[in-house]
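Asker: any chance you could fold what I've pasted below:
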Amino acid sequence: MAAAQDARDELVDSLTGAIGQGNDWLDWLDGQDPPGVGATAAAQALAVENGSTVQGGAEPVERDGFPGFRVAVETNNTVGASIIPGTEGMHANADAIAVIQPRCDFDPDADPTLPVDLNCDGQIVTIDPGNFNPADFPDASVLFSVYLAE
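Answerer: This is a model prediction of the structure:
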């Protein structure tokens, strides 16, 4: 989850930088090709908080047309005493895939140089590229959801 959440934040940072700088900023709202520069570091930080280690890194994947990341982890400590003989020296392993899904719809004929209304799961967000203030931009979670897909 942390890898995809970090990539979502990077995606929104890129989107805010693109608004008012050209005509392609609406393309960022499809959520495709999130930067993901900090995805592995974010996954590692969450793994450490949970007494685990990331195996490899955050691997970019796609599920149901949405971009995401697969991360595998292994616990730092062994299973310990167990009723199952021979498992006390084993480590637990897990992997998961989290994806980034756009939440906003807008008129496909919208002019990116004029104010555009986004319908983000019922919340209306108006973006005016001619009078855009990044501080007024909604949280990344309003624009894109992140969830476990596998």
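Asker: quick one: the top helix by length along the chain to chain centroid distance?
Answerer: Counting residues, the longest helix found in the chain (DSSP state H) is helix 2-18. Distance, stretch centre to chain centre, for helix 2-18: 7 Å (CA atoms, centre = their mean, to the nearest Å).
Asker: burial of Leu148, as a residue count?
Answerer: 11 (other CB atoms under 10 Å). (Glycine included, C-beta is placed from N, CA and C.)
Asker: run through the residues that contact it.
Answerer: The contact partners of Leu148, by CB atoms under 8 Å, 6 or more residues apart in numbering, come to 1, 96-98.
Asker: ramachandran coordinates for it?
Answerer: phi -80, psi 130 (degrees, to the nearest 10).
Asker: that older thread, which other helices and strands contact the longest helix of the chain?
Answerer: With contacts taken as 3 or more CB pairs under 8 Å, 6 or more residues apart in numbering; DSSP states H and E, helix 2-18 sits against helix 39-49, strand 66-78, strand 91-102, helix 140-143, strand 144-148.
Asker: so can I have CSV of those showing distance to Gln5 and mean pLDDT?
Answerer: Formatted as CSV, those follow (distance: least, CB to CB, whole Å; pLDDT from 0 to 100):
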stretch, distance to Gln5, mean pLDDT
helix 39-49, 7, 95
strand 66-78, 10, 94
strand 91-102, 8, 94
helix 140-143, 8, 95
strand 144-148, 5, 96
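Asker: how about the ones you listed in CSV, adding distance to Leu29?
Answerer: Formatted as CSV, the helices and strands packed on helix 2-18 follow (distance: least, CB to CB, whole Å):
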stretch, distance to Leu29
helix 39-49, 20
strand 66-78, 13
strand 91-102, 6
helix 140-143, 7
strand 144-148, 9
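Asker: select, out of these, the one closest to Gly56.
Answerer: Closest to Gly56 of these is strand 66-78 (CB to CB; 6.2 Å).
Asker: partner strands of the closest one, with direction?
Answerer: strand 52-63 (antiparallel), strand 91-102 (antiparallel) (DSSP bridges).
Asker: and Leu26, which of the ones you listed is closest to it?
Answerer: strand 91-102 (11.3 Å).
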